[in-house]
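Enquirer: What shape does this take:
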Amino acid sequence: MDPLHSALPRDRFLPLPDHAGSSAGRKTGIEVEFAGLSPEQAAEIVRAEWGGTVTRDGPRDLVVADGRFGRVKIELDITLKNAWAEDMAAGILGDLVPVEIVTAPMAQADLPQVEALLSRLAAAGAEGSRAHFAYGFGVHLNPERPDDAATVAIARAFALLEDWLRASDPLDPARRVLPFVDPWPRPLVDALALAEDWSLADLGRAYAQMAPSRGYGLDLLPLLQDACPDTLADVPEDQLKGGRPTFHYRLPETRLDEADWSLAYEWNRWCVVEKVAADADLLATLAQEWQAYRAKLTTTRGDWLALVTERLTSARLIL
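Expert: Reported below is the predicted structural model:
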């Protein structure tokens, strides 16, 4: 793990940058997958922690409604065609089918309450991605997007930092091979490095051409479907599940049962991306250096990782 990752706080959530005044009040939905508990057990822990009433939402899903932090859904994360197939898969696969908790959008000041909930789940027996060689459970962060210019800048920053994020804290092999967290294609990263003046529609058209899938560590299709659906006409219909005005950052993996992991740590990794996006000079420098790196024939992936680490450490982003 590089020095910046080692220095990221585990016990507090860094604030998102303001992005030129466009970010006040941004909320974030959280999705967490885990094994070791039934949906009923997980729902009762949510109710005990946050209040509310547990009700059924179909044959397998539960909802905790009217609690302190809005509607919380608890479900088995199976996406099959019909109920009998889902029942069969759950029976055969057991804990390999994760329970997933999906929160309503939450204020940044309330995110420590999610951390406390995850601690209660772990104490009750919830297991994360590395508890079994075949698990591949994720945490999804869904921060509301800022204005168009800042949204494009965040996409550019992620493109330039993704290799570093992956190398600094590698995914468990079981999660890495699943078709949900692929890295963005190199042609998209190359295009974003040159995208100083892109509109959100420009981003939508490029994404539809170069990355028309939901299976990436940062899935932009819900955001783009909400903001500029006309740019996604060529995206396969089965990849368009509905728009929402949020990022869908699904690279983190669930490690709620490990003492040195925290949700705050994963949130703060995302904050690094947004802080780079908010620093126009740093973002421009990284974009130029990416172009130079790609133009050379003798560079290695390690050269880029070392350069990113040097730039981010010099920028003192976590102060």
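
Enquirer: Make sure Phe137 is actually in contact with Ile101.
Expert: No - here Phe137 does not reach Ile101: they are 11.4 Å apart, not a contact under C-beta atoms under 8 Å. Yep, even glycine has a C-beta here, placed from its N, CA and C like the rest.

Enquirer: Looking at the two, which one has more neighbours?
Expert: Phe137 (29 against 26; other C-beta atoms under 10 Å).

Enquirer: Quick check on that one: phi, psi?
Expert: The phi and psi values for Phe137, taken as degrees, to the nearest 10, are phi -90, psi 150.

Enquirer: Next secondary structure after the lowest-mean-pLDDT helix or strand in the chain?
Expert: Every helix and strand of the chain was ranked by mean pLDDT, DSSP states H and E. The lowest is helix 83-93, at a mean of 40. Toward the C-terminal end, the helix or strand that comes next after helix 83-93 (DSSP states H and E) is strand 99-102.

Enquirer: Could you export that following strand as CSV, keeping only the C-alpha atoms?
Expert: Extracted in CSV, the C-alpha atoms of strand 99-102 (Å, rounded to 0.1, in the frame of the first residue of the first chain):
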residue,chain,number,x,y,z
VAL,A,99,-27.4,-10.2,1.3
GLU,A,100,-27.4,-6.5,0.2
ILE,A,101,-28.4,-3.5,2.3
VAL,A,102,-29.4,-0.4,0.2
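
Enquirer: Kindly spell out which helices and strands sit in contact with it.
Expert: Secondary-structure packing of strand 99-102 (3 or more C-beta pairs under 8 Å, 6 or more residues apart in numbering; DSSP states H and E): strand 27-34, helix 39-50, strand 72-76.

Enquirer: Pipe the ones you listed into TSV and attach mean neighbour count and mean pLDDT per row.
Expert: TSV is the format used below for the helices and strands packed on strand 99-102 (neighbours: other C-beta atoms under 10 Å; pLDDT from 0 to 100):
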stretch	mean neighbour count	mean pLDDT
strand 27-34	22	97
helix 39-50	19	97
strand 72-76	21	95
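
Enquirer: how far does stretch 241-251 sit from the chain's center?
Expert: 9 Å (C-alpha atoms, centre = their mean, to the nearest Å).

Enquirer: Excluding sequence neighbours, find me the nearest residue to the residue nearest to the spatial centre of the chain.
Expert: By C-alpha atoms, centre = their mean, the chain has its centre lying nearest to Tyr249, at 2.1 Å. Using C-beta to C-beta, 6 or more residues apart in numbering and skipping the chain neighbours, the partner closest in space to Tyr249 is Leu141 (4.5 Å).

Enquirer: One more: Cys228?
Expert: Nearest non-adjacent residue to Cys228 (C-beta to C-beta, 6+ apart): Gly204, at 4.4 Å.

Enquirer: What is the burial count for the one you found?
Expert: Gly204 has 24 neighbours, counted by other C-beta under 10 Å.

Enquirer: how much space between Thr103 and Asp219?
Expert: Going from Thr103 to Asp219 by C-beta to C-beta, to the nearest Å gives 18 Å.

Enquirer: List the residues that contact Gln41.
Expert: Ala124 (C-beta atoms under 8 Å, 6 or more residues apart in numbering).

Enquirer: Report the buried residues of the lengthiest helix in the chain.
Expert: Ranked by number of residues, the top helix in the chain under DSSP state H is helix 148-168. Residues 148-168 are the ones in helix 148-168 that count as buried (16 or more other C-beta atoms under 10 Å).

Enquirer: Run through the strands of the stretch 101-250 of the chain in chain order.
Expert: Counting by DSSP state E, counting those that start in this stretch, one finds strands in the stretch 101-250 of the chain at the ranges 106-107, 139-143, 218-219, 248-249.

Enquirer: could those strands go into TSV alongside distance to Arg269 and mean pLDDT?
Expert: Formatted as TSV, the strands of the stretch 101-250 of the chain follow (distance: least, C-beta to C-beta, whole Å; pLDDT from 0 to 100):
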stretch	distance to Arg269	mean pLDDT
strand 106-107	18	97
strand 139-143	9	98
strand 218-219	12	98
strand 248-249	9	98
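
Enquirer: so which of those strands gets nearest Lys296?
Expert: strand 218-219 (26.3 Å; C-beta to C-beta).

Enquirer: now the closest one, how far from the chain's geometric center?
Expert: 7 Å.

Enquirer: outside of it, which residues touch it?
Expert: Against strand 218-219 from outside (C-beta under 8 Å, 6+ apart): Ala155, Phe158, Glu162, Trp184, Phe247, His248, Tyr249, Arg250, Leu251.
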